[in-house]
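**Student:** predicted model and sequence below, questions to follow.
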Amino acid sequence: MVFGILFLAACSPRHSSHFHGFSKFRSPDKRMEWLKAEIADRLELNESQKTRLDEITNEIIYSGKEMQTIRASIRDTVMTELRKNEISKENLIQVFSENRAKFDDMISMFADRLVDFHQMLQPEQRAKLVAEIEKHQAKYEKYHRQW
């Protein structure tokens, strides 16, 4: 959940009100700084853990920027096809296939960073993390049950 939020914060090119607290930030970098500070404060990270969190979030920010480029490429191809009299299934499949490996690499990196983050935490910090995620999830479900 924490890394999902970090990744979404990094990927979002514009301000998002979907996450409590994010609506005051218009740039992904500012959102990420706020989120890192929140994580460090709530989990009471020590200096070496904060340094490692910075490294992890920098990698996620880079992946988020790469994801924006991929999404733009896919969107451009889809829009080009929609403007035509006939859509080329082959062109759509090609752009999706070309980017599948990049998505797979990002998923693998994301899983690796989550493992790294988990390993750096003490058992008490892990328990706090789980409690924070459960609290966030309960709040989210309260306001988003319509679906």
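**Tutor:** Received it, and whenever you're ready, just let me know what you need.

**Student:** residues near M32, how many?
**Tutor:** 21 (other C-beta atoms under 10 Å). Bear in mind the C-beta positions are built from the backbone N, C-alpha and C, glycine included.

**Student:** with N85 instead?
**Tutor:** Around N85 there are 4 residues (other C-beta under 10 Å).

**Student:** how close does it sit to L92?
**Tutor:** 15 Å (C-beta to C-beta, to the nearest Å).

**Student:** next one: R52
**Tutor:** Distance from R52 to L92, by C-beta to C-beta: 40 Å.

**Student:** compare neighbour counts for these two and give me the winner.
**Tutor:** Set R52 next to L92 and count neighbours by other C-beta under 10 Å: R52 wins out with 17 against 14.

**Student:** is it true that that one touches D116?
**Tutor:** Yes. Counting by C-beta atoms under 8 Å, R52 does reach D116; the two are 7.2 Å apart.

**Student:** backbone dihedrals for the closest residue to D116 other than its chain neighbours, please?
**Tutor:** Leaving out its chain neighbours, the residue that sits closest to D116 by C-beta to C-beta, 6 or more residues apart in numbering is I56, at 6.3 Å. Dihedral angles of I56 (phi, psi; degrees, to the nearest 10) stand at phi -60, psi -50.

**Student:** tally of neighbours for I56?
**Tutor:** 19.

**Student:** can you pull the pLDDT of it?
**Tutor:** Looking at I56, its pLDDT stands at 91.

**Student:** could you do the one 3 residues further on as well?
**Tutor:** Per-residue confidence at E59 stands at 88 (pLDDT).

**Student:** kindly report the same for F22.
**Tutor:** 51.

**Student:** how about low-confidence regions in the protein?
**Tutor:** Along the chain, segments meeting pLDDT under 70 span 1-26, 143-147.

**Student:** in it, which spans are strands?
**Tutor:** Counting by DSSP state E, the chain forms no strands at all.

**Student:** residues in contact with Q125?
**Tutor:** L43, E44, L45 (C-beta atoms under 8 Å, 6 or more residues apart in numbering).

**Student:** mind redoing it with 6 Å?
**Tutor:** Applying C-beta atoms under 6 Å, 6 or more residues apart in numbering to Q125 gives the contacts L43.
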